[in-house]
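Colleague: sequence below, structure please.
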Amino acid sequence: LYVIRYEPTGGVVAGTIRDGVDGTEVPGGRVVALQDGAETLVGEDGGFALLAEAGPVTLRVSAFGYATRILEVGSMTLGGRIDVDPMLDRLPRVELTGTVSAAGGGAVEGATVRVDGSTLSVETGPDGTFAFPDVAVGQQIVTADAFGYSPAETRLVLAAGVGGTADLTLDPAPFADDAEADRGWSLGVGGDTASNGQWTRVDPVGTTSGGNAVQPEDDATAAPGTTAFITQQANPGSTAESNDVDGGVTTLLSPTLSLEGLGAARLNYERWFAEFGSFGSGTFTAQVSNDNGSSWTTVDTLTSTANRWTGRGVDLGSTAGALTDATRVRFRVQSSGGLFDQFVVIEGGIDQVEVESGCRTRFNPAAPDGDSDGEADGCDACPADAGNDVDGDGLCADCLLYTSPSPRDCVSNLVCRLLLEKGGG
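Modeller: Sure thing, here's the model as predicted:
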C-alpha cells in the first residue's frame with residue numbers, strides 16, 4: 001500500500017492587473033515572482049495566478065503600454081494564498097510612422113508592420129508608408145514582413161511628446177511562389193499511385209460534400225491572384241467525389257532550392273486539406289530534403305479536415321538539418337488506396353510557398369544563428385560574451401535585463417536572468 005501526500009513548498013498568488021486610471025482589466029501582461037523566478041502570462045481578462053515559494057513575495061508586473069511595477073505583496077505561508085490586484089500606470093503615447101521599402105528600391109505595399117509585444121498591427125499603403133497613432137514611449141521593436149520578402153525589424157526609443165520614425169528595408173526572399181506562374185514544380189513524381197486527384201495548378205472550382213467545403217473556390221493569394229496548386233480540378237457543377245484523390249498518393253515537388261549561404265531559413269506556405277466520409281483514411285504531409293530527394297524529413301502532417309487556407313511556418317534549420325543547395329520541398333496527399341476510397345472524399349491544396357531568411361541583420365553577423373533555430377537571438381553564441389547576448393539586442397558583453405524576462409532569454413541564460421531579477425531587475 002502506497003500513500004501519496006502533497007507537501008506544499010509555497011502557495012498561490014492571484015489577482016487581476018488593472019489600469020491605474022479607470023480600473024479596467026489590462027490583458028497580455030506578465031507577472032514574475034522575483035524570489036524564485038516563477039512567472040506567468042496574464043489572460044485576456046487581466047487575470048493571473050502563479051505558485052510562489054513560502055516567505056516574502058515580491059512581484060514584478062509588466063504589460064505593454066504601462067510602466068513596470070515592483071510590488072511587495074506579503075509573506076506566503078505553506079499552502080496559502082495571496083490575492084492582489086496590481087494597478088499599472090499608463091505610459092505616455094506618441095505617434096510612430098515609417099516606410100517599408102524593398103532592398104532593390106521601391107515601396108512595399110501591403111507589408112504587415114507590428115509593434116513587438118503588443119497587438120498593434122497595420123499594413124503599408126501603396127507608397128509603403130504606415131502609421132501607429134498611439135504607441136507607448138520607451139524602447140520598441142518594430143517588425144515588417146510581406147510575401148516574397150524576408151522579414152526585417154528595427155528597434156527605437158520613443159520619447160514623450162516627440163514620436164518616432166521607423167524605416168525598414170526588406171530583402172527578397174530566397175524563394176517565393178504564389179502559383180500565379182510556372183516556377184518549375186513537378187505535378188506528380190515516379191512512384192505516385194493515385195489513380196485520380198493528381199496535383200494541378202489552376203484557378204480552383206469549389207466543391208462541397210454534405211454542405212462542407214471540399215475543394216476551395218478561391219486561392220490563398222490576395223487579388224489579383226487567382227491560382228493555386230490543388231489535387232485535380234473539378235468541373236463546374238460536378239460532385240466532390242468525381243475529382244478527389246483515389247488509389248493512393250499524389251506528390252507536388254518543388255524545384256531545387258539554393259539555401260546553403262543563408263545560415264538560417266524558414267519555410268512558409270498556405271495549405272488546405274479536406275477529408276469527408278464514413279471511413280477516414282486521408283493524409284496530408286509536407287516534407288523537406290537537403291540532399292535532392294535522397295532522404296526526406298516530415299515537417300507537417302494532417303489526418304483530419306482543415307478545409308480552409310491555413311498558414312504554416314517551419315524552421316528548416318532545426319527540422320531538416322543543414323541548409324544546402326540541394327534543398328527540395330514536397331507536399332503529398334494520400335488516400336488509403338483500397339475499397340474504402342469510394343466512401344471518402346479527399347482534396348488538398350497549396351499556395352503562397354516561400355523560404356525566408358531567418359537571420360536578422362541587427363544581430364551579431366559573426367554568429368547570426370548559432371543554434372540553427374531560424375532566429376538570430378539571445379540564444380545564439382556571441383563571441384567573447386559569456387552571457388551570449390542575453391538581452392537580445394545584438395551587442396556582446398551585456399546582461400542588462402531591465403525588461404526581463406524576455407522571450408529572447410533562453411535556458412543557457414537563466415542563471416544570469418535570475419540573479420538580476422533577485423537583485424531587482
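
Colleague: any idea of the pLDDT on residue 339?
Modeller: Among the per-residue scores, residue 339 shows a pLDDT of 68.

Colleague: ugh, wrong one, residue 367
Modeller: Residue 367 is given a pLDDT of 43.

Colleague: now residue 279
Modeller: pLDDT, residue 279: 66.

Colleague: cool, and residue 2?
Modeller: 68.

Colleague: check which element follows the strand or helix carrying residue 328 along the chain.
Modeller: With elements taken from DSSP states H and E, the one containing residue 328 is strand 328-334. Note on strand 328-334: by DSSP H and E, the next helix or strand toward the C-terminus is strand 344-357.

Colleague: relative to strand 328-334, how tilted is that next one?
Modeller: Following axes from the mean of the first three to the mean of the last three CA atoms, to 10 degrees, one obtains 170 degrees for the angle between strand 344-357 and strand 328-334.

Colleague: elements contacting strand 344-357?
Modeller: Strand 344-357 is packed against strand 175-177, strand 212-215, strand 228-231, strand 265-277, strand 306-315, strand 328-334, with contacts defined by 3 or more CB pairs under 8 Å, 6 or more residues apart in numbering; DSSP states H and E. Every C-beta, even on glycine, is put in place using the N, C-alpha and C of the backbone.

Colleague: hmm, who's touching the first one?
Modeller: Meaning strand 175-177. Applying CB atoms under 8 Å, 6 or more residues apart in numbering, the external contacts of strand 175-177 come out as 147-149, 183, 185, 257, 352-355.

Colleague: what's the farthest-apart pair in the residues you listed?
Modeller: 149 and 185 (21.0 Å; CB to CB).

Colleague: look at those two and report which has more neighbours.
Modeller: residue 149 (22 against 19; other CB atoms under 10 Å).

Colleague: which phi and psi does that one have?
Modeller: phi -130, psi 150 (degrees, to the nearest 10).

Colleague: give the contact list for it.
Modeller: 102, 108, 111, 170-173, 176, 356.

Colleague: in JSON lines: these, plus secondary structure, neighbour count and pLDDT.
Modeller: Listed next are the contacts of residue 149 as JSON lines, based on DSSP: H, G, I helix; E, B strand; the rest coil; neighbours: other CB atoms under 10 Å; pLDDT from 0 to 100:
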{"residue": "102", "secondary structure": "strand", "neighbour count": "17", "pLDDT": "96"}
{"residue": "108", "secondary structure": "coil", "neighbour count": "22", "pLDDT": "97"}
{"residue": "111", "secondary structure": "coil", "neighbour count": "26", "pLDDT": "97"}
{"residue": "170", "secondary structure": "strand", "neighbour count": "22", "pLDDT": "94"}
{"residue": "171", "secondary structure": "coil", "neighbour count": "15", "pLDDT": "92"}
{"residue": "172", "secondary structure": "strand", "neighbour count": "14", "pLDDT": "94"}
{"residue": "173", "secondary structure": "coil", "neighbour count": "20", "pLDDT": "94"}
{"residue": "176", "secondary structure": "strand", "neighbour count": "18", "pLDDT": "97"}
{"residue": "356", "secondary structure": "strand", "neighbour count": "25", "pLDDT": "90"}
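
Colleague: out of these, who's nearest residue 28?
Modeller: residue 111 (23.7 Å).

Colleague: so how many other residues sit close to the spatially closest residue to that closest one that is not a sequence neighbour?
Modeller: In space, and not counting its chain neighbours, residue 111 is closest to residue 146: 3.9 Å by CB to CB, 6 or more residues apart in numbering. Residues within reach of residue 146, counting by other CB under 10 Å, total 22.
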